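Asker: below: sequence and its predicted model.
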Amino acid sequence: MYKYDQWDQAMVDARVAEFRDQCQRRLDGKLTEDQFKPLRLMNGLYLQLHAYMLRVAIPYGTLSGTQMRALASIADKFDRKYAHFTTRQNIQYNWIKLEDAGDILADLAKVEMHAIQTSGNCIRNISSDHFAGAAQDEVVDPRPYAELLRQWSSFHPEFSYLPRKFKFAVIASETDRAAMRLHDIGINIVRNDAGELGAAFYVGGGMGRTPMIAPLVRDFVPLDQLITYAEACLRVYNRYGRRDNKYKARIKILVHELGAEEYTRQVEEEFALLLAQNIEPPIAELERIRTYFEAPGFEAGASDELSRSDPDFAVWTDRNTQPHRQPGYVSAVISLKPVGGIPGDATADQMRLMAELTEQYSFDECRVTHTQNIVLPHVRKVDLFALWQKLEAAGLGTPNLDQVGDIIACPGLDYCSLANARSIPIAQQISERFHANGKGDILGELKLKISGCINACGHHHAGHIGILGVDKKGVENYQLSLGGSEAEDTSLGKITGRGFDEEGIVNAVEISVDVYLAQREGGERFLDTYRRIGMEPFKEALYG
Amino acid sequence: MVDSALNILRFRDDALVSDPAVTLEAFTDQSNALAVRIEPGEDARNLLPHLDRIRLVEVNFPAFGDGRGYSAARVLREAGYTGELRAVGDVLVDQIAYMKRCGFDAFLPDQPLDAGDVENALTRWPDVYQPTTDGRVPIWDLRHGADHG
Amino acid sequence: MKILTGNDLKTGAVTWWDGSGWSLHVDDAVDAGDEADAIIAREEAARRINAPYAIEAEKTATGVRPAHIKDRVRGLGPTVRLDLTLKPGDPNAVREVI
């Protein structure tokens, strides 16, 4: 994984000093809250329901054992001994004090981490495929391109006061494991007919109030024009994105209102002008970054055998491991979704264990997924049983990857001041219900996502089953949607009808699942059955 | 640098333009105007045919969160404008460094700037990641010993 | 009644205007009435409170109940982590807040 050189370190250190100074000026009253707010947001510090919340960046979801251990220490030293992994591959602490913020950022800087631009109207963390470097179907590892974009977007002087937040995802495979087309800019690294690598740019996707799937804006940008093209896309947005209405300020609205064709025309015009400015990094820089993402020292001829004598281990292996491009290896998924647990939360002790396991079993590298789990990308099959035993003992071995119990949930009204309803208790109840009734084991792939408000941080639009919390005259209420998909067959879920109360929504999910169980054919997933039979049978069952 | 009587922070040696800045609309009618003021929603490229005679462009920031002026500045500098580029309005010391990188060389904020804070802001960043017209060599060029084109 | 709430500037803790200062406990909240705006302005300028606002609430037998569920959650803590709330030992706390 990428390691800072002295320049990267100096930039992060300068940012820590800058933010310390800004915090002090706020505490001294030299800055009002209105003046301070955008500055603290650009350092990931929110004022949330119970305290300040700090969102630490985990660039394209990649972490070393040392970094995971440092994150655990922060939870112990400055928070309440746990943290939350998010749907953008970041980590959040919920009980931060403003007076500690500078020290926390300083501790992070020591391990090459930061909270730069994890909030605010600027370019946010760049997400990527959590199986990068291991997936059998990837064209290349997408992360060098994400790293290049990360540096380009950090402290960008022109794009720090955009109309709204801006999110990139970078992948390099036909299979989309990063919800790429639901980002402001989604990039797929592809090969052209001549075998050259380039970037396909999709611009104008997003969830939230008005979910949209990003249209293709340019099918092939040569790698030595990647940054210039991104700059052109951003400049058009900064100049023409709406600033009159916060809920219409994302680039998806601009692309939608101009039309993809006109937006593209404006980008190409700006791109032509920018080419003359020579703002592209030398290709040697991309090559330098790539060297950090070369394959680790895999053991040639590692055994491909896996014992299935322990039935629990066999189930976990079937569900929670992914095939690896290197024979004898798999990627293993650590579930942060124990039955009845809080999705994406981990205790400091669990984080320390994961750090150890990362170092011991995965070449000192782990990943945070946008589905709030942790991946050990490169595990030898011979080590898998020992790994699993340790996970089991720590409550991290739930074999539910992409199953109904692998729920994605935003923090919701328990933590977030934007929320209308609590999402976590719904997740807990659904998780418990499907464990108790045994149906969880026979449903196969079922991606259930819960958002506590229309901002859709739980990505409910992209759930096979989606739940949206709303405020119904001061009482929590929940809308059910079906048929969303975050993969390359991207689709947005459709609302079933009237909403439900807390008890009702859990029942509604079970009723929908029962319709699927009654109607499924062959090896259909829930999503496939829904797409085949449509909404009617579900509406019928739910509302009579 | 800071003219406290005028509240202006300026990084140019030439004489201050005393002409009032006219609106963009008025500017296009007045062939002798040499100072113009751009609002966030106005396209700075409208000035490109007239760059030779313009000596001062004021870019207004009615609210510091409206970042359109940063693009206006870069667009003008990239097109070869060498006159004064002045940020006016709701400009806080925390925006100065980025504004300067975008090409602003003068600042006339609504609220007076603290000289110490300005000094901190301008000396904060030892290096930069991206090239702009400010001539600072970006880190990716320093790494490979290349001169910024 | 009209009560005032916000977050402590330094710690971020949720606090409630108790008539002379800012308490961690919603049950200490007093009716600010017509003085609400003046109190908010004064306290915020003095940095004794951050992001303050006024809300509707009612006096109950046991204390003060904010009208909106969001503020009731603020007054307690996360309903899914009783151990992190102001009433870790109270099994009824969540039901009362919702």
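Answerer: Right, received. Where do you want to start? Keep in mind it's a predicted model, so treat the numbers as computed, not measured.
Asker: where does the residue lying closest to residue B:101 once chain neighbours are set aside land on pLDDT?
Answerer: Using C-beta to C-beta, 6 or more residues apart in numbering or on different chains and skipping the chain neighbours, the partner closest in space to residue B:101 is residue A:157 (3.8 Å). No exception for glycine: its C-beta is placed from N, CA and C like everyone else's. If you check residue A:157, the pLDDT there is 98.
Asker: checking residue A:157 next. Helix, strand or coil?
Answerer: Put simply, residue A:157 is coil when judged by DSSP: H, G, I helix; E, B strand; the rest coil.
Asker: from what I see, it and residue B:98 are in contact.
Answerer: Yes - judged on C-beta atoms under 8 Å, residue A:157 makes contact with residue B:98 at a distance of 3.8 Å.
Asker: distance of the residue nearest to residue B:101 relative to residue B:128?
Answerer: Counting by C-beta to C-beta, to the nearest Å, the separation of residue A:157 from residue B:128 is 8 Å.
Asker: do residue A:365 as well
Answerer: 29 Å.
Asker: what of residue A:490?
Answerer: 37 Å.
Asker: worst-scoring helix or strand of chain C, pLDDT-wise?
Answerer: helix C:93-97 (a mean of 93; mean pLDDT, DSSP states H and E).
Asker: so is it next to chain A?
Answerer: No - on the criterion C-beta under 8 Å from any C-beta of the partner chain, helix C:93-97 is out of touch with chain A, staying 8.8 Å away.
Asker: okay, the residue in chain B that chain C sits nearest to: pLDDT?
Answerer: Nearest residue of chain B to chain C: residue B:111, at 16.2 Å (C-beta to the nearest C-beta). As predicted, residue B:111 sits at a pLDDT of 91.
Asker: what is the longest strand seen in chain C packed up against?
Answerer: Identified as the longest strand of chain C according to DSSP state E is strand C:50-59. Applying 3 or more C-beta pairs under 8 Å, 6 or more residues apart in numbering or on different chains; DSSP states H and E, one finds that strand C:50-59 contacts strand C:2-7, helix C:36-45, strand C:64-66.
Asker: list of residues touching the helix or strand harbouring residue A:227?
Answerer: Following DSSP states H and E, one finds residue A:227 within helix A:226-240. Identification of contacts with helix A:226-240 by C-beta atoms under 8 Å, 6 or more residues apart in numbering or on different chains yields A:123, A:145, A:148-149, A:152, A:158-159, A:162-163, A:166, A:185, A:199, A:201, A:203, A:217-218, A:221, A:251, A:254, A:258, A:263, A:266-268, A:270-271, A:274-275, A:279-281, B:43, B:67-68, B:70-71, B:74.
Asker: in helices only, show me these.
Answerer: A:145, A:148-149, A:152, A:251, A:254, A:258, A:263, A:266-268, A:270-271, A:274-275, B:68, B:70-71, B:74 (DSSP state H).
Asker: may I have the phi/psi pair for residue 80?
Answerer: Since you didn't name a chain, this refers to chain A. Torsion angles at residue A:80 (phi, psi; degrees, to the nearest 10) stand at phi -120, psi 40.
Asker: wait, chain C was what I had in mind.
Answerer: Torsion angles, degrees, to the nearest 10, at residue C:80: phi -90, psi 0.
Asker: report the contact partners of the closest residue to it other than its chain neighbours.
Answerer: Among residues not flanking residue C:80 along the chain, residue A:424 sits closest, at 4.6 Å (C-beta to C-beta, 6+ apart). Contact partners of residue A:424, counting by C-beta under 8 Å, 6+ apart, are A:342-343, A:409, A:411-412, A:414, C:78, C:80.
Asker: can you check residue A:449 too?
Answerer: A:407-409, A:458-460, A:462-463, A:465-467, A:484.
Asker: which among these end up buried?
Answerer: A:407-409, A:458-460, A:462-463, A:465-467, A:484 (16 or more other C-beta atoms under 10 Å in any protein chain shown).
Asker: separation between the spatially most central residue of chain B and chain A?
Answerer: Most central in chain B under C-alpha atoms, centre = their mean is residue B:104, positioned 1.8 Å from the mean C-alpha point. When distance is defined by C-beta to the nearest C-beta, to the nearest Å, residue B:104 is 10 Å away from chain A.
Asker: might one say that that residue is in contact with residue B:73?
Answerer: Yes - the pair residue B:104 / residue B:73 is scored as a contact, 5.5 Å apart, by C-beta under 8 Å.
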